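Visitor: Quick one, structure for this:
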Amino acid sequence: MTWLNESMLDRAGRFLWTSGRVLEQRRFAWHFGGPAEPADREGLLAALDGYRTPDGGYAFGLEPDVRGPAPQPLAVPTALRVLAEAGALGADRLGPLCDWLAGVAAPDGGVPSVLRTLRPYPRPPWLPIADEPPGDLLATGQIVGPLLRSGFDHPWLEPAVDFCRRAVEALQDTHPYEVGAALCFLDALPDDPWARQQARRLGELVRAQRLVLLDPAHPEQARLAPGYAPGEFHLPYDYAPEPGSLARSWFTDAEMDRSLAYLAGQQQEDGGWPIRWAQWSPTTVVEARPGVTLAALLTLRAHDRAAAA
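Guide: Numbers count the residues shown, from 1 in each chain. Sure thing, here's the model as predicted:
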């Protein structure tokens, strides 16, 4: 079964050329461009640099739900994803970024999702801002995972890794985005028996708490986490967007194929994919859909390549 075909890709391309930010257009050209859109690594990195702040962080809506000029940890996973795609996880970029992360880290070693500096700027209601925010697995796991895979070393990494280990072991009553952050960390430790054991435990927890929609035709079989929007379910491909993820073993082939068929069928008439989380600003919806569309394309292609191998 081929999940991503040329017609889908052409329609997604039209959507991205029409509606994508410069960054998503550059990413699309990098991943899927042909002779008319040749890959341009420097252009891709230049588009990302438009969101970079002088202190090494990222802001200006790189993460569409986090607005304003003050850098926030929740924007860093997107930056790291682009840097990894471009093969640019080197000291020249990661050094200043990790210095900034060390400067905003909580005493527990992790980084909060958002800092007090976000208060003056628009934000969704699900991003509360504490006076002394603690470290958060949601942000820290998504940051530490790519850093570990890069092989880059920094003094902040050791306490951040310790924080992630403690946070993963403590996960009990959780929600899908937190599980995804834990997986981002665990997938960077594929040969670690502890990581494999924790991944098995999380898979059991996800099923026991009904945090995965195994059959899109029966949404009543899954449970929406508190605060999630109607229909904001997570499917197997959300937990295992790449076949090599530790989460792939959580699901049978039939369950994964059903979820991928659902993902492929979610392409909209304009060629893009919809967002599923709560919509609090028309602008963020417009800016988020291109990234969601790219994520869908990359997930479908990754599973196609694994099937063909």
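Visitor: Need the contact partners of stretch 87-105.
Guide: 41, 45, 55-57, 71, 73, 76, 79-80, 83, 111-112, 115, 135, 143, 146-147, 149-150, 152, 154-157, 159-160 (Cβ atoms under 8 Å, 6 or more residues apart in numbering). Glycine gets a C-beta too; all of them are placed from N, C-alpha and C.
Visitor: quick one: which of these sit in helices?
Guide: 41, 45, 76, 79-80, 83, 143, 146-147, 149-150, 157, 159-160 (DSSP state H).
Visitor: thinking again about what came up before, which among the contacts of stretch 87-105 end up buried?
Guide: Buried residues within these, counting neighbours by 16 or more other Cβ atoms under 10 Å: 45, 56-57, 71, 73, 76, 79-80, 83, 111-112, 115, 135, 143, 146-147, 149-150, 152, 154, 156-157, 159-160.
Visitor: Run through the helices of the protein in chain order.
Guide: 6-19, 22-32, 41-49, 76-85, 91-104, 137-150, 157-170, 176-186, 193-208, 236-239, 253-265, 282-308.
Visitor: now the shortest one: how far from the chain's centre is it?
Guide: If you compare the mean C-alpha spot of helix 236-239 with that of the full chain, they lie 12 Å apart, counting by Cα atoms, centre = their mean, to the nearest Å.
Visitor: From the ones in helices among the contacts of stretch 87-105, which one has the minimum pLDDT?
Guide: On pLDDT alone, R41 ranks lowest of those, at 93.
Visitor: what about that residue, distance to L83?
Guide: 11 Å (Cβ to Cβ, to the nearest Å).
Visitor: now do A188
Guide: 15 Å.
Visitor: do P134 as well
Guide: In terms of Cβ to Cβ, P134 sits 27 Å off from L83.
Visitor: L235 is in contact with L213, correct?
Guide: Yes - with contacts counted by Cβ atoms under 8 Å, L213 reaches L235, the gap being 5.2 Å.
Visitor: list residues touching both of those two?
Guide: Shared contacts of L213 and L235, counting by Cβ under 8 Å, 6+ apart, come down to S259.
Visitor: what about the nearest residue to R81 once chain neighbours are set aside, distance to E85?
Guide: Nearest residue to R81, sequence neighbours excluded (Cβ to Cβ, 6 or more residues apart in numbering): P146, at 7.2 Å. Note on P146: its distance to E85, by Cβ to Cβ, is 11 Å.
Visitor: before we move on, what about L9?
Guide: L9 is 17 Å from E85, by Cβ to Cβ.
Visitor: Surely L45 and A86 touch.
Guide: Yes - the pair L45 / A86 is scored as a contact, 5.7 Å apart, by Cβ under 8 Å.
Visitor: joint contacts of these two?
Guide: In contact with both L45 and A86: no residue, using Cβ under 8 Å, 6+ apart.
Visitor: Pick the one among the ones in helices among the contacts of stretch 87-105 closest to P120.
Guide: Using Cβ to Cβ, V76 comes nearest to P120 of those, at 20.4 Å.
Visitor: what's near enough to touch the closest one?
Guide: Contacts of V76 by Cβ under 8 Å, 6+ apart are 57-58, 97, 101, 139, 142-143.
Visitor: And for Y58, nearest residue in space, chain neighbours not counted?
Guide: A75 (4.2 Å).
Visitor: And the pLDDT for the one you found?
Guide: 98.
Visitor: and it, how many neighbours?
Guide: 24 (other Cβ atoms under 10 Å).
Visitor: quick one: it from G291, how far?
Guide: Taken as Cβ to Cβ, the span from A75 to G291 is 12 Å.
Visitor: One more: V82?
Guide: 10 Å.
Visitor: what does R67 give?
Guide: 15 Å.
Visitor: Over to A195?
Guide: 27 Å.
Visitor: can you check P107 too?
Guide: 33 Å.
Visitor: what does P112 give?
Guide: 22 Å.
Visitor: what sits up against stretch 24-32?
Guide: 9, 12-13, 16-17, 20, 37-41, 43-44, 47, 82, 85-86, 290-291, 293-294, 297-298.
Visitor: at 6 Å what do you get?
Guide: For stretch 24-32, contacts defined as Cβ atoms under 6 Å, 6 or more residues apart in numbering pick out 16, 37, 39, 43-44, 47, 290-291, 294.
Visitor: cool, stretch 149-166 as well?
Guide: Against stretch 149-166 from outside (Cβ under 6 Å, 6+ apart): 89, 94, 98, 101-102, 108-110, 135, 140-141, 144, 185, 188.
Visitor: which pair in those spans the largest distance?
Guide: Of all pairs in the contacts of stretch 149-166, the most separated under Cβ to Cβ is L89 and D108 at 25.3 Å.
Visitor: Pull up the per-residue confidence for L294.
Guide: 98.
Visitor: ugh, wrong one, P133
Guide: 93.
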